[in-house]
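> My questions are about this predicted structure, shown below with the sequence.
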Amino acid sequence: MWQPSASVDNLRQRASILQEIRRFFAERDVLEVETPLLCRHTVTDPHIQSIAANAALEGKRQTFFLQTSPEYAMKRLLAAGSGAIYQIGKAFRQDEAGHLHNPEFTILEWYRPGFDHHDLMAEMDDLLRYILKTPPAQKITYAQLFQDYFNLDPHTTPIEELIAGSAKKQGLEIKHLAKDKDTALQLMFSERIEPQLGKDRPCFVYDYPASQAALARLQPGNPPLAARFEVYLRGVELANGFHELQDAREQRQRFENNRKTRQEASQPDVTIDEQLLAALEHGMPDCAGVALGLDRLVMLASESSCIQKVISFEINRA
């Protein structure tokens with residue numbers, strides 16, 4: 001168990017990819033930054049569990065959190081006038097282990113003032129073509145995928161019809177697992193749609209339901225949609241991007257809604273990051289941002305079967 005989980009050849013390829021990423025952003029005049037891994041606050045998202053760490057500060061033991069993403073701190077930099085920025089760094093999530101997950105992983109995250117999510121999709125496509133030499137990407141809406149696979153509109157179809165339709169069209173029984181509409185949609189997507197995406201080129205899925213907006217702004221319409229995208233290649237989710245929400249009041253309400261959901265699920269409560277909200281109130285520029293799983297990118301580049309084969313020491317060898 002003393003030996004690395006990755007081969008030396010894979011580690012060399014990983015190092016080369018890191019150099020290429022930095023070259024890509026240097027050529028576009030995007031500033032590389034570093035933000036804290038250990039912070040007083042963490043995400044309220046009920047689907048993400050943070051790792052807490054105790055630290056003594058000014059003679060008093062306090063609870064901090066290993067960050068699940070550098071997003072909040074990077075948005076504070078944007079509000080302070082940083083301009084376009086990117087970061088390659090570690091992120092941490094509780095209870096995430098598997099061929100695509102490790103509790104400690106490497107993330108590439110960047111923000112582009114003046115971009116919307118369509119502009120950022122184009123730049124993400126450029127990056128994938130630069131690093132992986134992929135063909136130009138496919139772009140498809142969330143609704144079109146559900147129409148293609150289930151012959152259903154995910155935005156307007158009631159949950160009962162979603163459950164019945166998933167069984168009828170795809171033989172997917174989710175009745176006892178789908179406690180709400182979003183859960184039903186996520187099960188349908190992950191079990192039947194996601195494995196088919198990006199088989200021969202990257203696939204960008206966009207225009208998600210408003211209920212799945214996270215930190216993305218909403219696009220007006222009937223129904224309103226989240227200005228959000230995800231990127232898939234060979235059935236693997238690589239990245240998640242937003243046209244970022246700037247409204248501090250709306251962001252606070254979403255955080256409070258998350259806390260309520262966590263409470264109902266008997267999950268640990270987390271406090272709201274007031275520093276992020278203060279930055280939004282000060283004025284974060286209109287921008288788009290995206291987070292990409294770097295370990296997954298290297299896994300695909302090296303044609304490895306799991307991310308453990310491109311990480312020096314995965315969690316069981318750490």
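Yep, that arrived. In this text the structure is predicted, and so the values were computed from the model without any measurement. Numbering: from 1, shown residues only.

> drop to CA atoms for contacts and neighbour counts, all remaining ones
OK.

> Identify each buried residue in stretch 9-24, please.
By neighbour count on 16 or more other Cα atoms under 10 Å, the buried set for stretch 9-24 is 10, 11, 13, 14, 17, 18, 21, 22, 24.

> Let me see the ranges of the helices in the stretch 151-300 of the chain.
159-170, 181-188, 248-264, 274-283, 294-301 (DSSP state H, counting those that start in this stretch).

> and those helices, which is most packed in?
Neighbour counts (mean count of other Cα atoms under 10 Å) averaged over each of the helices of the stretch 151-300 of the chain peak at helix 294-301, with a mean of 23.

> what's that one in contact with?
Residues outside helix 294-301 that contact it (Cα atoms under 8 Å, 6 or more residues apart in numbering): 13-14, 17, 100, 105-108, 132, 236, 238, 305-307, 309-311.

> Please check those and keep the buried ones.
By neighbour count, with 16+ other Cα under 10 Å, the contacts of helix 294-301 hold 13-14, 17, 100, 105-108, 236, 238, 306-307, 309-311 as buried.

> Out of the residues you listed, give me the two with the largest separation.
Every pair in these was compared (Cα to Cα); the two farthest apart turn out to be 13 and 236, at 19.5 Å.

> Show the contacting residues for residue 198.
With contact set as Cα under 8 Å, 6+ apart, residue 198 has these partners: 138, 232, 233, 234, 235.

> ok, residue 153 - contacts?
Shown in contact with residue 153 (Cα under 8 Å, 6+ apart): 143, 146, 147.

> Low-confidence ranges, the protein, go.
Low-confidence regions of the chain, defined here as pLDDT under 70, cover residues 96.

> picking up where we left off before, residue 76: which of the contacts of residue 198 is nearest?
Using Cα to Cα, the contacts of residue 198 come closest to residue 76 at residue 232, 28.7 Å.

> so the closest one makes contact with residue 204?
Yes. Between residue 232 and residue 204 a contact is recorded at 6.5 Å, counting by Cα atoms under 8 Å.

> Which one of these two is surrounded by more residues?
Legend: neighbour count by other Cα atoms under 10 Å for residue 232 and residue 204, higher for residue 204 (26 against 23).

> Thought residue 140 was touching the more buried one, still the case?
Yes. The pair residue 204 / residue 140 is scored as a contact, 6.2 Å apart, by Cα under 8 Å.

> Report the separation between residue 168 and residue 160.
Distance, residue 168 to residue 160, by Cα to Cα, to the nearest Å: 12 Å.

> same deal with residue 280?
Distance of residue 280 to residue 160, given as Cα to Cα: 39 Å.

> Phi and psi next, for residue 56.
Backbone torsions for residue 56, taken as degrees, to the nearest 10, come to phi -90, psi 130.

> hmm, back to that, a markdown table for the contacts of residue 198, including distance to residue 243?
Shown next, in a markdown table, are the contacts of residue 198 (distance: Cα to Cα, whole Å):
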| residue | distance to residue 243 |
| --- | --- |
| 138 | 19 |
| 232 | 18 |
| 233 | 21 |
| 234 | 25 |
| 235 | 24 |
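
> closest to residue 252 among those?
The shortest gap between residue 252 and any of the contacts of residue 198 belongs to residue 232, at 30.2 Å (Cα to Cα).

> what's the closest non-adjacent residue to residue 280?
Of all residues not flanking residue 280 in the chain, residue 248 sits nearest, at 5.3 Å (Cα to Cα, 6 or more residues apart in numbering).
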